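In: predicted model, plus sequence, below.
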Amino acid sequence: FAVFLLTGAFVFQYRSSHPVQTTTAGRLTAILYNEQNIFWKKTWEGLREEAAAEGFDLSEYQVGNMESIADYLEIAILSDTDGIIFDPSTIHDQESVQLISEASDKGICLVALDAGYEDVPVIYIGIDNISSSQKIAEYIHTQVSGEKILLLNREINYSSNLKIRQDTIWSA
């Protein structure tokens, strides 16, 4: 029994003085809308799954509609992140624009989701809203021939992307 205790104490002492080093593929920072709707909920779920599968540490910052992302960008830059995933529609202030530019200058990979960003080179992942809306309108016209089409509209404050889709469908 004493040998068992001594062996256990030795193993415990060795492990505490030689912690297991884990290696990751890198660090990613996601600064995106909160999970209030199904689009962003699914986006967050996908980010988490893919980051884990590829061995990346993922820092998550969920933001609201009018919240400045400058503080999160600054944290990302200072933490030596390898990539920043953001939605350009969350950039409402000059400080955030400058920090995105600083991240680009430092060689941090920038990924813009759901909307393009023209100020610095980014990888854009999104939908061509005009083209996809035109295809939806064409599909409706081919499927509903000779009948009147009624589109109902609710007066709410749409995102710019949703507004583009709606306006394109209305004009078709």
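Out: Now that the structure is in, tell me what you want to look at. All values reported here derive from a predicted model rather than from experimental measurement.

In: any stretches of this protein with poor pLDDT?
Out: 1-23, 146-147, 149-161 (pLDDT under 70).

In: how about stretch 86-104: buried residues?
Out: 86-91, 96-97, 99-100, 103-104 (16 or more other C-beta atoms under 10 Å). Where you see a C-beta, it was placed from the backbone N, CA and C, and this is true even at glycine.

In: ok now that stretch, how far from the chain's centre?
Out: On the basis of C-alpha atoms, centre = their mean, to the nearest Å, stretch 86-104 sits 14 Å off its chain's mean C-alpha point.

In: contact partners for Glu118?
Out: Applying C-beta atoms under 8 Å, 6 or more residues apart in numbering, we find Glu118 in contact with no residue.

In: sorry, wrong one. I was asking about Phe86.
Out: 30-32, 69, 73, 100, 110-113.

In: which element, helix or strand, includes the closest residue to Ile123 other than its chain neighbours?
Out: The shortest distance from Ile123 to any residue other than its chain neighbours is 4.7 Å, reached at Val111 (C-beta to C-beta, 6 or more residues apart in numbering). Element membership for Val111 (DSSP states H and E) is strand 109-113.

In: in that strand, which residues are buried?
Out: 109-110, 112-113.

In: so which elements touch that strand?
Out: Strand 109-113 sits against strand 83-86, helix 94-105, strand 123-125, with contacts defined as 3 or more C-beta pairs under 8 Å, 6 or more residues apart in numbering; DSSP states H and E.
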